[in-house]
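Q: Need a 3D model of the sequence below.
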Amino acid sequence: MKKLTLVIKHNNEDRELHLHADTMNEMIKKIIEWQTMDVGDKEYYKKKGKLQSELDSGWYYIEK
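A: I've put the predicted structure just below:
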């Protein structure tokens with residue numbers, strides 16, 4: 001069983017993320033892995049005309 005559990009809930013939408021890890025460094029890596037928008041997601045939201053609103057939602061990890 002993992003030592004740490006993290007639950008992230010989006011206040012404005014029906015989104016929830018549950019992650020488990022043994023260390024905080026592992027947890028941070030998982031957040032980045034799970035919440036980085038991949039090329040397929042970007043294309044999907046672009047076709048729907050929602051790419052910018054999805055990026056602005058705060059739900060995704062965006063490296064700056």
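Q: tell me, how many neighbours does the closest residue to E16 other than its chain neighbours end up with?
A: Using C-beta to C-beta, 6 or more residues apart in numbering and skipping the chain neighbours, the partner closest in space to E16 is K9 (5.0 Å). For the C-beta atoms, the positions are set from N, CA and C on the backbone; glycine is no exception. By other C-beta atoms under 10 Å, the residues close to K9 number 10.
Q: before we move on, what about the one 5 residues further on?
A: Neighbour count of D14, defined by other C-beta under 10 Å: 6.
Q: can you tell me how far it sits from D22?
A: Note on D14: its distance to D22, by C-beta to C-beta, to the nearest Å, is 29 Å.
Q: The residue nearest to E16 contacts W59, doesn't it?
A: No - taking contacts as C-beta atoms under 8 Å, K9 lies outside contact range of W59: 10.5 Å.
Q: Now E54: closest residue in space, sequence neighbours ignored.
A: Closest to E54 by C-beta to C-beta, 6+ apart is Y45, at 4.8 Å.
Q: between K9 and W59, what contacts are shared?
A: Contact criterion C-beta atoms under 8 Å, 6 or more residues apart in numbering; residues bridging K9 and W59 by contacting each: R15.
Q: For the lengthiest helix in the chain, buried residues please.
A: Longest helix in the chain, counting residues (DSSP state H): helix 24-35. For helix 24-35, the buried set under the neighbour-count rule, 16 or more other C-beta atoms under 10 Å, comprises M27, K30, I31.
Q: Would it be right to say that E13 lies in a helix?
A: No - under DSSP: H, G, I helix; E, B strand; the rest coil, E13 falls outside any helix and is assigned coil.
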